[in-house]
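Visitor: Quick one, structure for this:
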Amino acid sequence: MIKSFIYLDEEKMYSLSSQLFEGITEYILDETESEAEKSENQKGPVGSGRILGDILKSTDRHSEKKFLNDYSYSLFEAELISRDKVCTIREGTPSSADQYTDKRFVKVTAKIIFNDVNSIRYTLNNFNELGECFAYVTNFAAISASEEQLQNNSMINQKGKKKQKRNQNVTLKNAAKEKGLFLDPNYLTKLETILDYGFQDQFEVQMSLGDLLVSSNLNRDFLRENESILTKKYGRKTEIDFTLFGIITQCIGENVIEHDVEIDEIETEKMVEHDNIKTAMMSLVQNLWAVESTFVGRIDNEMIVDPIAIYTEL
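Guide: Below is the predicted model of the structure:
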């Protein structure tokens, strides 16, 4: 099958390949050729005409013969599969994460969802403004007629016009609220704070296969195209299947997250009572872990995968 990559972690692939193949041999041939020519030519009697030919010809040829990254990946994946080190998951296969603990490499094929926290944060920052803009555009004819009537009404003083303008803004907000496009500003601010703390700038893909959820955080540097181009090209929820190949990092045993975590308050006085600072810091880390788990901890039916490649098969 021909693979069309949207993500490839070349560093991780070559690191593992060097161990798999006991070293990597690359054959590289570089060839560069440059040529320049310039000529000037005059024909015919003086004054009868002149033909000037300036020919500047430059040819740069650069060729490299080597193991290309995409082909190297195909060899890498095929070798792991031939050694029976890869767990293959697709629609119709068992959906319990606990069934995939015998192998660390996994190949998952399904439709994917792109979760771009940067895009979500931008939407939250501009949510109400976008909602009002949408309400304005969809009600443009009525608003324009009202504004024109207001301008032509000489009986209304400047104070009255300002009041009607404020009423118009309230109407726009109400119209946006009716369509679910206006939320309490304080709520949006708190939600953004939670998003920043729990998810920062992560770009995640998720695959849902029955009761199994597969999640993988991508390094933006290894994307073949810009995130916005990917989501416009394939949609945030893709219609075609993608294959995620990577290393299982979390899925073994029962989930350690308790959603009703009781966090012990750590006061300065209590820290002093400890035998040493190390004990106090260990206690602090334990409480910090409990807080973070409520944001980014693995859920019961979730498998976390460290990604190496994501591609479609053509």
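Visitor: just for the chain, where's the confidence low?
Guide: Low-confidence segments of the chain, defined by pLDDT under 70: 23-67, 93-101, 145-170, 197-198, 252-276, 278, 280, 284, 286-296.
Visitor: Just the helices from it, written as ranges.
Guide: Using DSSP state H, the helices of the chain run over 10-20, 69-82, 117-125, 127-138, 140-152, 158-178, 185-199, 227-234, 268-273, 277-296.
Visitor: Could you list the buried residues of the first one?
Guide: If you call a residue buried by 16 or more other C-beta atoms under 10 Å, then helix 10-20 has these buried ones: K12, M13, Y14, L16, S17, L20. In this view, the C-beta of every residue, glycine as well, is placed from N, C-alpha and C.
Visitor: if we take those, which one ends up nearest to R220?
Guide: Using C-beta to C-beta, K12 is the member of the buried residues of helix 10-20 that lies nearest R220, at 14.9 Å.
Visitor: can you tell me how far the nearest residue to the closest one once chain neighbours are set aside sits from R298?
Guide: Spatial nearest neighbour of K12, chain neighbours left out: I308 (5.5 Å); criterion: C-beta to C-beta, 6 or more residues apart in numbering. According to C-beta to C-beta, to the nearest Å, I308 and R298 sit 20 Å apart.
Visitor: These two - which one has more neighbours?
Guide: I308 (24 against 18; other C-beta atoms under 10 Å).
Visitor: show me what contacts the more buried one?
Guide: For I308, the contact set (C-beta atoms under 8 Å, 6 or more residues apart in numbering) comprises L8, D9, K12, M13, L16, Y73, F245, G246, I247.
Visitor: what about K233, how many neighbours?
Guide: K233: 10 neighbours (other C-beta under 10 Å).
Visitor: State the distance from the residue nearest to it when sequence neighbours are not counted to L20.
Guide: Leaving out its chain neighbours, the residue that sits closest to K233 by C-beta to C-beta, 6+ apart is E225, at 7.5 Å. Between E225 and L20 the distance is 28 Å, computed by C-beta to C-beta.
Visitor: And for M281?
Guide: 40 Å.
Visitor: same question, I112
Guide: 27 Å.
Visitor: Ok, Y122 next?
Guide: 41 Å.
Visitor: I'd like to know how many residues surround the residue lying closest to V205 once chain neighbours are set aside.
Guide: Closest residue to V205 apart from its sequence neighbours, by C-beta to C-beta, 6+ apart: I112 at 4.8 Å. Neighbourhood size, I112 [other C-beta under 10 Å]: 26.
Visitor: E22 too?
Guide: By the measure other C-beta under 10 Å, the count of residues near E22 is 7.
Visitor: Same check on E302?
Guide: 16.
Visitor: Quick check, it in contact with D211.
Guide: No - E302 is beyond contact range of D211, at 10.4 Å (criterion: C-beta atoms under 8 Å).
Visitor: Tell me how this protein divides into domains.
Guide: For the chain, automatic domain parsing gives the domain ranges 122-191, 256-297.
Visitor: returning to that earlier point: could you save the contacts of I308 as CSV and add columns showing distance to T138?
Guide: Listed next are these as CSV, based on distance: C-beta to C-beta, whole Å:
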residue, distance to T138
L8, 43
D9, 44
K12, 48
M13, 49
L16, 53
Y73, 48
F245, 45
G246, 44
I247, 48
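Visitor: Kindly indicate which of those residues lies nearest N219.
Guide: D9 (6.6 Å).
Visitor: Isn't that closest one up against A309?
Guide: Yes - assessed by C-beta under 8 Å, D9 is found in contact with A309 at 7.1 Å.
Visitor: Who has more neighbours out of those two?
Guide: A309 (25 against 21).
Visitor: Give me the distance between that one and K103.
Guide: When A309 is compared with K103 (using C-beta to C-beta), they lie 17 Å apart.
Visitor: same check, this time on M281
Guide: M281 sits 37 Å away from K103, going by C-beta to C-beta.
Visitor: try L195
Guide: From L195 to K103 the distance is 34 Å (C-beta to C-beta).
Visitor: got the buried residues for the longest strand along the chain?
Guide: For the chain, the strand with the greatest residue count under DSSP state E is strand 302-313. By 16+ other C-beta under 10 Å, the buried positions in strand 302-313 come out as E302, M303, I304, V305, P307, I308, A309, I310, Y311, T312.
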